[in-house]
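> Need a 3D model of the sequence below.
(4 chains)
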There are 2 protein chains.
Amino acid sequence: MPSKKYHHGDLKNALIKAGVEILSKEGIDGLSLRKVAQRAGVSHSAPYSHFPDKQSLIAAISTEGFNQLYAELDAAVLAYPKNPKKQLQQGALAYLQFALNNIDTFKIMFSGVLEKEKEYPAFVEISHKTFRRVVDVVKACQDAGFLRSTSSEMMAVAVWGQVHGIVSLALEGQISHSVLDHHAIQDLVSFAVEQMISS
Amino acid sequence: MPSKKYHHGDLKNALIKAGVEILSKEGIDGLSLRKVAQRAGVSHSAPYSHFPDKQSLIAAISTEGFNQLYAELDAAVLAYPKNPKKQLQQGALAYLQFALNNIDTFKIMFSGVLEKEKEYPAFVEISHKTFRRVVDVVKACQDAGFLRSTSSEMMAVAVWGQVHGIVSLALEGQISHSVLDHHAIQDLVSFAVEQMISS
DNA sequence: GGCATTATCTTGACAGTGTCAAGATTTTCG
DNA sequence: CGAAAATCTTGACACTGTCAAGATAATGCC
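You can find the predicted model right below:
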């Protein structure tokens, strides 16, 4: 039960929410503990009652983001219960859409939360859960003959990497104008996925 | 001619070098303008004679990194002048190797240098040059029948995205242990590339 | 219900940061 | 040689993450 009723009510979640808001309004560079605290209406070091350091708050924001990503991914897949090919296609587009709708949250999710510390088990868990969801879809595609029947896990890494790579490059502005003038990012992602399933 | 002989000699490049060293020894979080200045043996705001702000130094470091990446990529491709398939395979592995050998430089290269400012034309140039190199290899593969003959540029985005995605996920620790226990990262990249060329 | 314990929050401080202004020093060049 | 420009230093400012000490409120035990 993480909600009580002392001074603030539910400061921990309020801080996460404030962090997400700052992230979407001012970007990663605008995210400071003190601003988060101010936006939540508490003093500058109140967050230390709930997070040992800034990295820990970032981990919590990232975990929240991953939960949302998983939910949207799952919804996209569940929309086509008997069509693995569509699951893969729409899952990839959902991944892209989440990134576009939550640019800086997406970036911070993949900005070194996992790197050193095993301190964030909730993050590790949702990350693994997401990967396993990809494996499931890949397996369904393999059973249906849309993907080669080699190691599902390797194939899942390839699929996730393919989508993640294009999305990341796009967010970084690395996709050349000579390409973007002719194709929307959605087209690039869809093309790459199509490339994978038409073996 | 960027080298003169006033106070320091060639401070601009010395700062870039100092930045790369700090990056490889202390990581991204350890990179501060003041530490870079100190390591170069100048006062804390000497860098402002050569870079308008920190982001500009990061852009210079990133540009340097991209130049090196291009060189290694090009060398890997040139090693197999008449074998497009090998060019693609070895190019992908060279990309991975560069990332592993220069982890934080690689990360900073793809950490928002291009995002807003068109202030860094040298960075944009080497970035585009690299992409065009990928397009060339893709074209050669298409001519040789190893890749589908649709838009070379879209295909190049797919190829780059595929390799970049797996490498990025690996650097972030996002590749599940259940996969890494059985396969080296090199295997994952090679598998994904193999997947693309065996149409 | 009262009270000690604990959780939560505030205040104040510290070192480190990016950045700017003013000035000193050196190089360059007419 | 001397003026102008480039380069570097010193000092300052606001902002940051973090910690220590204390205030305040909620919890649970008697």
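
> Which single residue in chain A comes nearest to chain B?
Closest to chain B within chain A is residue A:165: 2.4 Å, counting by CB to the nearest CB. Heads up, the C-betas are built off the backbone N, CA and C, glycines and all.

> Quick check: that residue touching residue B:162?
Yes. Using CB atoms under 8 Å, residue A:165 is in contact with residue B:162, at 5.8 Å.

> returning to what we had before: contacts only, for the residue of chain A closest to chain B.
B:160, B:161, B:162, B:163, B:164, B:165, B:166, B:168 (CB atoms under 8 Å, 6 or more residues apart in numbering or on different chains).

> Could you do residue A:162 as well?
A:192, A:193, A:196, B:158, B:161, B:162, B:165, B:192.

> for those, which one is nearest DNA strand D?
Nearest to DNA strand D among the contacts of residue A:162 is residue B:165, at 29.3 Å by CB to the nearest atom of the strand.

> Assign the nearest residue to that closest one once chain neighbours are set aside to helix, strand or coil.
Leaving out its chain neighbours, the residue that sits closest to residue B:165 by CB to CB, 6 or more residues apart in numbering or on different chains is residue A:165, at 2.4 Å. Secondary structure, DSSP: H, G, I helix; E, B strand; the rest coil: residue A:165 is helix.

> Look up how far residue A:21 lies from residue A:165.
In this view, residue A:165 and residue A:21 are 29 Å apart by CB to CB, to the nearest Å.

> And for residue A:11?
Residue A:11 is 15 Å from residue A:21, by CB to CB.

> who has more neighbours, those two?
residue A:11 (20 against 13; other CB atoms under 10 Å in any protein chain shown).

> how close does that one get to residue A:68?
21 Å.

> Flag every buried residue along the helix or strand containing residue A:70.
Residue A:70 belongs to helix A:54-78 when assigned by DSSP states H and E. Neighbour-count burial for helix A:54-78, counted by 16 or more other CB atoms under 10 Å in any protein chain shown, picks out A:55-66, A:68-70, A:72-73, A:76-77.

> So is that helix next to DNA strand D?
Yes. Interface with DNA strand D: helix A:54-78 contributes A:54, A:55 (CB under 7 Å from any atom of the strand).

> and the gap between the residue lying closest to residue A:77 once chain neighbours are set aside and DNA strand C?
The shortest distance from residue A:77 to any non-neighbouring residue, by CB to CB, 6+ apart, is to residue A:87 (4.6 Å). Per CB to the nearest atom of the strand, to the nearest Å, residue A:87 is found 41 Å from DNA strand C.

> Quick check: which element contains residue A:87?
helix A:84-101.

> and stretch A:185-195, average pLDDT?
The average pLDDT for stretch A:185-195 rounds to 98.

> contacts for that stretch?
Against stretch A:185-195 from outside (CB under 8 Å, 6+ apart): A:88-89, A:92-93, A:96, A:100, A:159, A:162-163, A:166-167, A:170, A:175, A:179, A:183, B:148, B:150, B:154-155, B:157-158, B:161-162, B:196.

> Repeat the analysis, applying 6 Å as the threshold.
With contacts defined as CB atoms under 6 Å, 6 or more residues apart in numbering or on different chains, stretch A:185-195 is touched by A:89, A:92, A:96, A:162, A:166, A:170, B:154, B:157, B:158.

> Which positions within the least confident helix or strand in chain A by mean pLDDT qualify as buried?
Lowest on mean pLDDT, DSSP states H and E among the helices and strands of chain A sits helix A:177-180, with a mean of 94. Across helix A:177-180, burial judged by 16+ other CB under 10 Å covers residue A:179.

> moving C-terminal of it, what's the next helix or strand?
Counting by DSSP H and E, what follows helix A:177-180 is helix A:185-197.

> Between helix A:84-101 and that next one, find me the angle.
150 degrees (axes from the mean of the first three to the mean of the last three CA atoms, to 10 degrees).

> Using CSV, write down the CA coordinates of the helix or strand that residue A:15 is a member of.
Of the helices and strands defined by DSSP H and E, residue A:15 is found in helix A:11-26. Taking Å, rounded to 0.1, in the frame of the first residue of the first chain, the C-alpha atoms of helix A:11-26 are listed here in CSV:
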residue,chain,number,x,y,z
LEU,A,11,4.6,12.4,-2.6
LYS,A,12,6.5,9.6,-4.2
ASN,A,13,4.1,9.3,-7.1
ALA,A,14,3.6,13.1,-7.2
LEU,A,15,7.4,13.4,-7.7
ILE,A,16,7.3,10.9,-10.5
LYS,A,17,4.4,12.7,-12.2
ALA,A,18,6.1,16.0,-11.8
GLY,A,19,9.2,14.5,-13.3
VAL,A,20,7.4,13.3,-16.3
GLU,A,21,5.8,16.7,-16.8
ILE,A,22,9.1,18.5,-16.6
LEU,A,23,10.6,16.0,-19.0
SER,A,24,7.9,16.6,-21.6
LYS,A,25,8.0,20.4,-21.2
GLU,A,26,11.7,21.1,-20.8
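
> Count the residues that sit near residue A:83.
14.

> Roughly how far does it sit from residue A:91?
Per CB to CB, residue A:83 is found 12 Å from residue A:91.

> now swap in residue A:157 and tell me
Residue A:157 is 15 Å from residue A:91, by CB to CB.

> neighbour-wise, which of the two wins?
residue A:157 (32 against 25).

> Helix or strand: which one has that one?
Per DSSP H and E: helix A:152-171 holds residue A:157.

> quick check: angle from that helix to helix A:84-101?
Going by the same axes, to 10 degrees, helix A:152-171 makes 40 degrees with helix A:84-101.
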